[in-house]
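*Asks:* sharing a sequence plus its predicted fold:
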Amino acid sequence: MNKGFLAIAAVIVAVAGGAGWYFGGSSEPAEAAVETVAMVDGVQEMTLGADDAPVEIIEYASYTCPHCARFHEGPFKQLKTDYIDTGKVKFTYREVYFDRFGLWGSMVARCGGEQKFFGITTELYAQQSEWARLQDPVAIADALRKIGRTAGMNNDQLDACLNDAEQAETLVAWYEANAARDGISSTPSFVIDGRTYSNMNFAEFQSIIDEKLN
């Protein structure tokens with residue numbers, strides 16, 4: 001998926017501030033302090049694999065991106081089995097925000113902390129064709145809550161996360177900084193040991209990783 005990343009970010013920030021309307025709560029506009037480096041750097045990185053793995057892969061993906069869902073349903077599983085779980089690759093997942101619904105998905109995934117993040121991410125992609133295609137924002141919010149509940153969270157926890165406008169703006173600022181630094185123009189994209197690649201199949205990953213390992 002390829003869209004105007006930085007141009008849409010401002011729009012997402014605007015709708016994020018009003019997210020509480022959809023979730024039955026209220027929220028005040030977040031202050032400009034979220035733009036500081038400290039706040040952007042304060043977003044927790046979500047990683048899998050050994051910290052001292054010889055190869056590092058960073059994925060940039062959107063929860064509403066069909067290509068990203070296909071990657072996680074296919075090549076990612078092989079990548080995890082062959083390289084991440086064996087200590088050869090440290091894998092980091094970074095969210096990209098094309099729209100408010102992808103941002104809401106991110107806020108649900110992060111609501112359970114690092115321990116639940118990747119399990120929720122798996123479910124968001126597995127059920128993407130159901131929740132992401134709903135036309136009603138309230139229905140999308142309900143569907144996202146349902147996924148969060150399967151991970152052991154209750155509605156109060158989920159509503160608190162989804163209504164956190166300051167966190168939403170912080171995440172968007174973090175995403176903007178990452179995308180600009182790594183030259184991200186489409187999803188999924190991958191940064192392998194500092195070099196940015198577009199979407200690829202497992203055989204291509206295998207070739208790149210094995211060359212680095214050898």
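*Replies:* Received the coordinates, thanks. Numbers count the residues shown, from 1 in each chain.
*Asks:* by average pLDDT, which secondary structure element in the protein comes out worst?
*Replies:* Least confident element among the helices and strands of the chain, by mean pLDDT, DSSP states H and E: helix 19-23 (a mean of 40).
*Asks:* ok, the residue sitting nearest the centre point of the chain - contacts?
*Replies:* Nearest to the mean C-alpha position of the chain, by C-alpha atoms, centre = their mean, lies Glu95 at 2.6 Å. Residues in contact with Glu95 (C-beta atoms under 8 Å, 6 or more residues apart in numbering) are Tyr60, Ala61, Ser62, Tyr63, Gly102, Leu103, Ser106, Ala109, Leu171, Tyr175. Placement of C-beta: from N, CA and C, glycine included.
*Asks:* quick check: Ile184 touching Asn199?
*Replies:* No: taking contacts as C-beta atoms under 8 Å, Ile184 lies outside contact range of Asn199: 11.8 Å.
*Asks:* of these two, which one has the most company?
*Replies:* Ile184 (21 against 18; other C-beta atoms under 10 Å).
*Asks:* report the contact partners of that one.
*Replies:* Residues in contact with Ile184 (C-beta under 8 Å, 6+ apart) are Phe5, Tyr60, Val96, Asn178, Thr196.
*Asks:* from those, which land in strands?
*Replies:* The strands, defined by DSSP state E, take in Tyr60, Thr196 from those.
*Asks:* compare the contacts of Ile184 and tell me which is most surrounded.
*Replies:* Val96 (27 neighbours).
*Asks:* separation between it and Asp82?
*Replies:* Distance from Val96 to Asp82, counting by C-beta to C-beta, to the nearest Å: 25 Å.
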